[in-house]
Every structure is written in C-alpha cells, then in structure tokens.
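Novice: coordinates for the following, if possible.
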Amino acid sequence: MYTIIKQFSFSASHVLENLPEGHPCARLHGHNYVVELVLEGLELDESGFVRDYRDLAPFKTFIDEKLDHRHLNDIMDGPTSAENLARFLYEFAHGLWPEVTAVRVSETPKTWAEYRPSS
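Specialist: Residues are numbered from 1 along each chain as shown. A predicted model of the protein is given here:
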C-alpha cells in the first residue's frame, strides 16, 4: 500500500456548545488549523503517483473560500469539534478523489483528530 499526505492550513473561529460552565471552548475562540489529507493506493499511476499533489488544488480552494477566516458555526451543521471538522473535510475530499482514506485536523501543535470511515 502506498500512502501520500498533504498538509493545508487555515484560521477560523468557532464556539463549542454543551460544555460545562466555565469551559474555555464554550466561548468564542479561534485556531490556526492544520489539515492533513491522506490518500492511499495499492498501485501507482503511470507517473509513479498515488495521486499528483497538484490534483489536490480544489481542496485548497475549498478551504480558502469556505473555511479560512470564517466562523465554523455558520458553515457546519452540528458541533464544530476537530473530530466533526475532520469528517466534514473527508466527505468533501473523498467525493473528489476515491484514494482519500482519512483526514486529520489539528487545532493546536499538540492535538490531532482524525476521521477515517470504518471498513
């Protein structure tokens, strides 16, 4: 199995609901998100790629136009947790490229959430 990963980044705000009183994430706040798009293939194409990284430009465009410097609560249905954001981005990306197997989202340098559908 071959695996490639490409990183993207954006900044956005959000509010997480249903948290205990005093929880800092219940207030309006923002993150400098890092997103990793994971693609896998059993075989390589004639150029030796799982997928040409340049083909992933529509994902960057989606992030830049729909998410960057936006309020995620206005864009996503349901909680705007990193876990749900990973699934939201996975569904978009997998709809374009069947090789997408997972999306990882980081809100801080030490935290990551990943969405990978069950087999």
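
Novice: give me the neighbour count for Gly22.
Specialist: 7 (other Cβ atoms under 10 Å). From N, CA and C alone the C-beta is placed, and that goes for glycine too.

Novice: and the gap between it and Lys110?
Specialist: 22 Å (Cβ to Cβ, to the nearest Å).

Novice: what are the buried residues along the strand or helix carrying Ala93?
Specialist: Ala93 belongs to helix 82-96 when assigned by DSSP states H and E. Residues of helix 82-96 classed as buried by neighbour count (16 or more other Cβ atoms under 10 Å): Ala82, Asn84, Leu85, Ala86, Arg87, Phe88, Leu89, Tyr90, Phe92, Ala93, His94.

Novice: which residues touch the closest residue to the last one other than its chain neighbours?
Specialist: Read it as His94. Leaving aside its chain neighbours, His94 sits nearest to Val100 (4.5 Å; criterion: Cβ to Cβ, 6 or more residues apart in numbering). For Val100, the contacting residues are Leu37, Val38, Leu39, Tyr90, Ala93, His94, by Cβ atoms under 8 Å, 6 or more residues apart in numbering.

Novice: quick check: bridge partners of Val100?
Specialist: Beta-bridge pairing for Val100 (DSSP bridges): Leu39.

Novice: any regions of the chain where pLDDT drops low?
Specialist: Counting by pLDDT under 70, the ranges of the chain that qualify are 119.

Novice: would you map the helices across it?
Specialist: Using DSSP state H, the helices of the chain run over 57-62, 82-96.

Novice: need the ones you listed in JSON lines (columns: distance to Arg116).
Specialist: JSON lines is the format used below for the helices of the chain (distance: least, Cβ to Cβ, whole Å):
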{"stretch": "helix 57-62", "distance to Arg116": "17"}
{"stretch": "helix 82-96", "distance to Arg116": "8"}
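
Novice: which one of the ones you listed lies closest to Glu43?
Specialist: Glu43 lies closest, by Cβ to Cβ, to one member of the helices of the chain: helix 82-96, at 18.9 Å.

Novice: need the contact partners of that closest one.
Specialist: 33, 35, 37, 58-59, 62-63, 72, 76, 78, 100, 102-107, 111-117.
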